[in-house]
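Following is a predicted model, sequence given first.
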Amino acid sequence: MANLTISMSKIRKILRMNSQGRSTRFIAAQIDSSRNTVRKYLAVLKKSGFTFDEVNNLNDKELEDLFGKTRENNQPSSRMQSMLRCFPHVDKELKKTGMNRQILWEAYIKEFPEGYKYTQFCTYYNQWKTKVNPTMHMDHKAGDKLYVDFAGEKMSYTDKETGEVIEVEVFVAILGASQLTYVEAVMSQQKEDFIAACENTLHFIGGVPAAIVPDNLKAAVTKSSRYEPTLNETFEDFADHYGTTILPARAYRSRDKALVEGAVKIIYTKVYAPLNKHIYHSLTELNTAIWQALEAHNSQLLKGRNYSRILQFEEIERGTLSPLPVLRYQ
């Protein structure tokens, strides 16, 4: 057993799945190893005379002593690497209307005939997606929803004449599919500033999504409800003007607003942190700096992918948005 190349965690998985009655073939596929390797570990377990529970209670050093010295194999097999390289493309394609995993798996298996079966392909894709983007792994269709909210932390600028520090609210919007993000500093969370920021977002993205999803802000929702919230009449009129629908985030449903909350956390790092080092003397000056930082953020490659938010937006989402009306909302 001196040439073992898998970790203690994989050994535990082998033993656990064996205790659950899984076949050698199934276990080998799940840990991406050969059936002979699985049989070796199970043979050692049988020879030891220990039960699964007894072995599972051993610490890693004790487990290593039982199964022999091991070394971690950090390099995935070529079969695994081929599949992992497909996942950024799969993730982007799934955002297109009418696309599904079965179609993409068929394209994958056509290119790699010795590749993984459909169930394994989906399992590994889910694991990959959770790792590269743990807070934003809901599936979003292109052109479907724009999520909007205010950041919890305010920003500020300093009046040049009086020296007064004026705090301002920060509006954040993010498209569900491409994750293209818009940020704007506004004077308040009142409906006039909120609607103006929503309108500026639509002109920033150059189109209108099927729905706008606000949190239960007073500027958007006059009466919160788990089932039928009452919308602010002006905001509803704004939505009618732009030919979209308002779908307030449901009370007690944190996943409805998880995407924009995740975006706010990122904006704290990508926008707040660099801008806090400087002093701005007007709202216009502050927003100019915000939009410069935002451009860099939208142009940065997404984690685990070979494309940025803006590239993904141009490729899969811009064309799905409805056109802007000729006139702005009055």
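Arrived safely. Numbering: from 1, shown residues only.

chain center to the strand or helix carrying Lys129, what's the gap?
In this structure, Lys129 is located in helix 118-132 according to DSSP states H and E. On the basis of CA atoms, centre = their mean, to the nearest Å, helix 118-132 is displaced by 14 Å from the centre of the chain it belongs to.

Mind giving me the packing neighbours of that helix?
helix 78-93, helix 101-111 (3 or more CB pairs under 8 Å, 6 or more residues apart in numbering; DSSP states H and E). Any C-beta I mention is one placed from the backbone N, CA and C, and that applies to glycine too.

Now mean neighbour count too, for those helices, in JSON lines please.
Output for the helices and strands packed on helix 118-132, formatted as JSON lines (neighbours: other CB atoms under 10 Å):
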{"stretch": "helix 78-93", "mean neighbour count": "16"}
{"stretch": "helix 101-111", "mean neighbour count": "15"}
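
Can you add mean pLDDT and distance to Leu275 and give the ones you listed back as a markdown table?
Shown next, in a markdown table, are the helices and strands packed on helix 118-132 (pLDDT from 0 to 100; distance: least, CB to CB, whole Å):
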| stretch | mean pLDDT | distance to Leu275 |
| --- | --- | --- |
| helix 78-93 | 81 | 31 |
| helix 101-111 | 87 | 40 |
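
Ok, which of those comes nearest Leu294?
For Leu294, the closest of these is helix 78-93, at 21.5 Å, according to CB to CB.

Export that closest one to PDB, keeping only CA atoms.
These are the backbone C-alpha positions of helix 78-93, laid out as PDB (Å, rounded to 0.1, in the frame of the first residue of the first chain):
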ATOM      1  CA  SER A  78      -7.200  14.000 -17.600                       C
ATOM      2  CA  ARG A  79     -10.800  12.800 -17.800                       C
ATOM      3  CA  MET A  80     -11.700  15.100 -14.900                       C
ATOM      4  CA  GLN A  81      -9.700  18.000 -16.200                       C
ATOM      5  CA  SER A  82     -11.500  17.800 -19.600                       C
ATOM      6  CA  MET A  83     -14.800  18.000 -17.900                       C
ATOM      7  CA  LEU A  84     -13.800  20.800 -15.600                       C
ATOM      8  CA  ARG A  85     -12.700  22.900 -18.500                       C
ATOM      9  CA  CYS A  86     -16.200  22.600 -20.000                       C
ATOM     10  CA  PHE A  87     -18.000  23.900 -16.900                       C
ATOM     11  CA  PRO A  88     -17.500  27.700 -17.500                       C
ATOM     12  CA  HIS A  89     -19.100  27.300 -20.900                       C
ATOM     13  CA  VAL A  90     -21.800  25.100 -19.500                       C
ATOM     14  CA  ASP A  91     -22.500  27.700 -16.800                       C
ATOM     15  CA  LYS A  92     -22.900  30.500 -19.300                       C
ATOM     16  CA  GLU A  93     -25.000  28.400 -21.800                       C
END
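
let's number from 733 now, not from 1
Fine by me, first position is 733 from now on; the one you just mentioned is helix 810-825.

can you count the residues close to Val770?
25 (other CB atoms under 10 Å).

what's next to stretch 1033-1042, contact-wise?
819-820, 823-824, 860, 863-865, 910-913, 1029-1032, 1044, 1047 (CB atoms under 8 Å, 6 or more residues apart in numbering).

what's the answer for stretch 1053-1062, then?
Contact with stretch 1053-1062 is made by 875, 927, 931, 934-935, 937-942, 969-970, 973-976, as judged by CB under 8 Å, 6+ apart.

Those residues in helices, which ones?
Among the contacts of stretch 1053-1062, the ones falling in helices (DSSP state H) are Ile927, Glu931, Leu934, His935, Ile937, Asp969, Phe970, His973, Tyr974.

that older thread, of the contacts of stretch 1053-1062, buried ones?
Gly875, Ile927, Glu931, Leu934, Ile937, Gly939, Val940, Pro941, Ala942, Phe970, Tyr974, Thr976 (16 or more other CB atoms under 10 Å).

Ramachandran coordinates for the closest residue to the first one other than its chain neighbours?
With CB to CB, 6 or more residues apart in numbering as the measure, Thr1052 is the residue that lies nearest to Gly875, at 2.9 Å, once sequence neighbours are left out. When quoted as degrees, to the nearest 10, the phi and psi of Thr1052 stand at phi -90, psi -10.

Check what pLDDT Thr1052 gets.
What the model reports as pLDDT for Thr1052 is 90.

next one: the one 3 residues further on
pLDDT for Pro1055: 94.

ok, how many other residues are close to it?
Pro1055 has 9 nearby residues by other CB under 10 Å.

cool, the one 5 residues further on as well?
Using other CB under 10 Å, Arg1060 has 13 other residues around it.

again, but for Gln1044
With other CB under 10 Å as criterion, Gln1044 counts 24.

what do you get for Ser809?
12.

ok, now how distant is it from Ser765?
9 Å (CB to CB, to the nearest Å).
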